[in-house]
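Peer 1: The following comprises the amino acid sequence and a computationally predicted model.
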Amino acid sequence: MFYREAGEFSTSYRDDAQTFPIAFDRRRYYLVLAVGFGVIPFFINDYWANAVLIPFLVWSMAALGLNILTGYCGQVSLGTGGFMAVGAYSCYKLMTAFPGLNIVFCILLAGLITALVGVLFGLPSLRIKGFYLAVATLAAQFFFVWLFNKVPWFYNYSASGQINAPERTLLGVAITGPNADSAVKYLFCLAFVVGFAWIARNLTRGSVGRSWMAIRDMDIAAEIIGIDPYRAKLSAFGVSSFFVGVSGALFFGIYLGAVEVTEAFGINQSFLVLFMIIIGGLGSIFGSFAGAAFMVLMPVLLKNILVGGLDWDTAIATHFEFVIVGGLIIFFLIVEPHGISQLWRIIKEKLRLWPFPHDH
Amino acid sequence: MHEQLLFALEVSLNGLMTGVLYSLVALGFVLIFKASGVFNYAQGVMALFAALTLVGFQSGQVPFAHLINAVFGSNIHHFGWHLPVILSILLTLLVMVLLAVVIEKLVLKHLINQEPIVLFMATIGLAYFLEGFGDLMWGSEIKRLDVGIPQGISESIENFTFESLGYGFFIDRLDIVATAVAAVLVISLTVFSQYSRVGRALRAVADDHQAALSVGISLRYIWVVVWSVAGFVALVAGIMWGAKSGVQFSLSLIALKALPVLMLGGFTSIPGAIIGGLIIGVGEKLFEFLMGPLIGGATENWFAYVLALVFLVFRPQGLFGERIIERV
């Protein structure tokens, strides 16, 4: 009743090829944006911003990046944490080396540096495939954590080995540092994520995205029909690392403000992002957001119920979280290998006929 | 210079011993991969789980004590008995077999004909599940595992080398035992797969699933057997590593170390797992010895992966892996 394509006419190719061809979808999308930009900043408080919304946005960005590589191009990577670290540390070095440089450029340049590093570590993907490659990306993960731990130049010789984001402003408003308002931080992250999601969506439905998907589905066949695997794989590594690097920069600069590499960018973060895209849906932009929301909200919820409600020990709640996350991964892989985004698609299919479904 | 050379030799010997321990974990991977094509990421956590269970049985811990206490407000933790080593090892083995049956029933059965990468990710989920489950069951504090393996520096070797070479070698007795155990394990696994009925069925399945099915070998039964054997190997690895560095979460991280071992040796070769383990063990110790002081130390964290990465670029199937042939 609400969601239907009856009465929707496209009068130009442009109309026909748009991302949301159905008016209901389009209005929902604008509504979400309007609520995100226009309503939430006025009601946000520190707890919601720091425990839920900002981590959700930062992880969405990382999930978008990994989804481009794994979901669209079929190259499994376990090095996401390491690439986030590259983004965070290059952002830090840029912020401290060029205090006059605008924070937006710092973050974008950090993404660019990560993209270059990502292409470098993507080079072996031309020779090795599948989980051989997945294991090879572990090299990036462990190498970067070691590098940022052992070479003091990267953390400006600080005694604690931590990096701290200095205060930077945009249009006179503090974005990073201890004085930044949580609503401002939220809006800044949201703007980045919306912009990059738009780029990701348009890249993946264009010719670049089609070449990635061809490589994912069968690389030899793709090569035979004229897709250059070098360009497709390396561009996927580059674009994906760009996203992941930006998310690392946001994670460090906006969300936490101070990080220590082994704790913030360990192997667990790599798995976390991988779980996000499995649960959310491989090869789906919406899935990246859904997975990030799920993996950010679930621990908060569990903690509130088990520790806050039942008054259990935090350690037990953490163990339960492991059991539930692991169980859910298996459950999703068995029941719905395409994740939450597929469930969403099924709901939309049902809504088309609701409330008068009929059997064929 | 002579002293330096001898020291390097000692470092390599110790590396060899560590390599044997890596091989023990890698062996479990190879067994499962050969028989079911599943790349079992959870092998390391299985070793942790086995070691936790062994300690739990031995010291008479009440399973899920923390959970029960949290729910009912009670305060129980121990039954108050101490089981003998052999009995607790047998009981742990039983738990591992049970685990194999449950995994087959709840996970693998439903994922037949899925892509290998999906199965791989399912085992990552399994690893998380088991990790949380093990901690819920036995508690997460670091435990001491003592099954009577001799530990400490072997004095006879030190004395012998001191007399003959003028330089005493430091070798842990535990490492010597581990090497012997690994050798026995590999020989018995080889005998098992060459001469027993089940072993032959295992090899048939590894060769070709469909052909094996068509001559009447039950795939599901074979999978349970393979996961049980892998559980047994995990138990052995868990005992060795647990005795070396205590039973704790970091035990499951050795699984990650076993991955480059596999890539070097090839996923399908048991001798490959052993030789790969030795290469990685010696390589990382020697690299740390030669380069560590120059570039800041702790290179063991990443050396194995980078070595495997560089190696794979030149030989994608590993040292002993089957040649990869791809068709459209």
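Peer 2: Ah, there it is.
Peer 1: after the strand or helix carrying residue B:29, next one along is what?
Peer 2: According to DSSP states H and E, residue B:29 maps onto helix B:2-36. Using DSSP H and E, the helix or strand that follows helix B:2-36 in sequence is helix B:43-58.
Peer 1: What is that next one packed up against?
Peer 2: Counting contacts by 3 or more CB pairs under 8 Å, 6 or more residues apart in numbering or on different chains; DSSP states H and E, helix B:43-58 is packed against helix B:2-36, helix B:85-106, helix B:116-138, helix B:219-245, helix B:254-265. Yep, even glycine has a C-beta here, placed from its N, CA and C like the rest.
Peer 1: which of those helices sits most buried?
Peer 2: Across those, averaging neighbours per residue (mean count of other CB atoms under 10 Å in any protein chain shown) puts helix B:254-265 on top, at a mean of 27.
Peer 1: Kindly provide the whole-number mean pLDDT of that helix.
Peer 2: The average pLDDT within helix B:254-265 is 79.
Peer 1: next one: stretch B:198-205
Peer 2: So the average pLDDT for stretch B:198-205 ends up being 83.
Peer 1: Keeping just the C-alphas, turn it into PDB.
Peer 2: Below are the C-alpha coordinates for stretch B:198-205, written out as PDB (Å, rounded to 0.1, in the frame of the first residue of the first chain):
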ATOM      1  CA  VAL B 198      38.600 -44.800   8.800                       C
ATOM      2  CA  GLY B 199      42.000 -43.300   7.800                       C
ATOM      3  CA  ARG B 200      41.600 -44.700   4.300                       C
ATOM      4  CA  ALA B 201      38.000 -43.200   4.200                       C
ATOM      5  CA  LEU B 202      39.500 -39.900   5.300                       C
ATOM      6  CA  ARG B 203      42.000 -39.900   2.500                       C
ATOM      7  CA  ALA B 204      39.200 -40.800   0.000                       C
ATOM      8  CA  VAL B 205      37.100 -37.900   1.200                       C
END
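Peer 1: Please identify the buried residues of that stretch?
Peer 2: By neighbour count with 16 or more other CB atoms under 10 Å in any protein chain shown, stretch B:198-205 contains the buried residues B:199, B:201-202, B:204-205.
Peer 1: So which of these is the closest to chain A?
Peer 2: residue B:205 (20.2 Å; CB to the nearest CB).
Peer 1: Secondary structure element holding the closest one?
Peer 2: Here residue B:205 is assigned to helix B:197-207, by DSSP H and E.
Peer 1: Taking their axis directions, that helix and helix B:219-245 sit at what angle?
Peer 2: Inter-element angle recorded for helix B:197-207 and helix B:219-245: 100 degrees (by axes from the mean of the first three to the mean of the last three CA atoms, to 10 degrees).
Peer 1: From the contact counts, what lies against the next helix or strand after helix B:197-207?
Peer 2: Reading on from helix B:197-207 to the C-terminus, the next helix or strand found by DSSP H and E is helix B:209-214. Counting contacts by 3+ CB pairs under 8 Å, 6+ apart, helix B:209-214 packs against helix B:197-207, helix B:219-245.
Peer 1: again, only this time at 6 Å
Peer 2: If you count contacts as 3 or more CB pairs under 6 Å, 6 or more residues apart in numbering or on different chains; DSSP states H and E, helix B:209-214 packs onto no helix or strand.
Peer 1: element containing residue A:199, please.
Peer 2: Using DSSP H and E, residue A:199 falls in helix A:182-204.
Peer 1: Report the next helix or strand after that helix in sequence order.
Peer 2: Toward the C-terminus, helix A:182-204 is succeeded by helix A:207-217 as the next helix or strand (DSSP H and E).
Peer 1: Show me which residues of that following helix are buried.
Peer 2: A:208-209, A:211-216.
Peer 1: Next: stretch A:340-355.
Peer 2: Result for stretch A:340-355 [16+ other CB under 10 Å]: buried residues A:340-344.
Peer 1: Likewise for stretch B:180-188?
Peer 2: Buried residues in stretch B:180-188 (16+ other CB under 10 Å): B:181-182, B:185-186.
Peer 1: out of those, which are inside helices?
Peer 2: B:181-182, B:185-186 (DSSP state H).
Peer 1: Can you pull out the low-pLDDT segments for chain A?
Peer 2: A:1-2, A:357-360 (pLDDT under 70).
Peer 1: how about the residues of the stretch 101-250 of chain B near chain A?
Peer 2: Residues of the stretch 101-250 of chain B found near chain A (CB under 6 Å from any CB of the partner chain) are B:107, B:110, B:117-118, B:120-122, B:125, B:128-129, B:131-133, B:135-136.
Peer 1: redo that, cut-off 10 Å
Peer 2: Proximity of the stretch 101-250 of chain B to chain A, by CB under 10 Å from any CB of the partner chain, involves residues B:103, B:106-107, B:109-111, B:114-137, B:139-141.
Peer 1: on that earlier part again, including distance to residue A:245 and pLDDT, could the buried residues of stretch B:180-188 go into CSV?
Peer 2: Compiled in CSV, those are given as follows (distance: CB to CB, whole Å; pLDDT from 0 to 100):
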residue, distance to residue A:245, pLDDT
B:181, 46, 83
B:182, 42, 81
B:185, 45, 84
B:186, 44, 81
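Peer 1: circling back to that earlier point, just the buried residues of stretch A:340-355 now: which is nearest residue B:65?
Peer 2: Closest approach between the buried residues of stretch A:340-355 and residue B:65, by CB to CB: residue A:340, at 36.0 Å.
Peer 1: Okay, the closest one and chain B: tell me how far apart.
Peer 2: Separation of residue A:340 from chain B (CB to the nearest CB, to the nearest Å): 15 Å.
Peer 1: Report the helix or strand with the lowest average pLDDT across chain B.
Peer 2: When each helix and strand of chain B is scored by mean pLDDT, DSSP states H and E, helix B:155-165 comes last, with a mean of 68.
Peer 1: quick one, helices of the stretch 101-250 of chain A?
Peer 2: Secondary structure of the stretch 101-250 of chain A by DSSP state H, counting those that start in this stretch: the helices cover A:103-122, A:130-150, A:182-204, A:207-217, A:219-224, A:229-250.
Peer 1: out of the buried residues of stretch B:180-188, who's nearest residue B:74?
Peer 2: Lowest distance from residue B:74 to these (CB to CB) belongs to residue B:181, with 40.1 Å.
Peer 1: quick one, what contacts the closest one?
Peer 2: If you count contacts by CB atoms under 10 Å, 6 or more residues apart in numbering or on different chains, residue B:181 has them with B:20-21, B:24, B:149, B:236-237, B:239-240.
Peer 1: please redo it, this time with the cut-off set to 7 Å
Peer 2: Shown in contact with residue B:181 (CB atoms under 7 Å, 6 or more residues apart in numbering or on different chains): B:236, B:240.
Peer 1: Surely residue A:44 is in contact with residue A:183?
Peer 2: Yes: Residue A:44 is within contact range of residue A:183, at 5.0 Å (criterion: CB atoms under 7 Å).
Peer 1: Same drill for these two, tell me which one is more crowded.
Peer 2: Neighbour count, other CB atoms under 10 Å in any protein chain shown: between residue A:44 and residue A:183, residue A:44 has more, with 21 against 17.
Peer 1: separation between the more buried one and residue B:170?
Peer 2: Relative to residue B:170, residue A:44 is positioned 60 Å away (CB to CB, to the nearest Å).
Peer 1: Redo the buried residues of helix A:207-217 as a markdown table? Include distance to chain B.
Peer 2: A markdown table is the format used below for the buried residues of helix A:207-217 (distance: CB to the nearest CB, whole Å):
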| residue | distance to chain B |
| --- | --- |
| A:208 | 23 |
| A:209 | 20 |
| A:211 | 17 |
| A:212 | 16 |
| A:213 | 15 |
| A:214 | 12 |
| A:215 | 13 |
| A:216 | 11 |
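Peer 1: Noted, bye for now.
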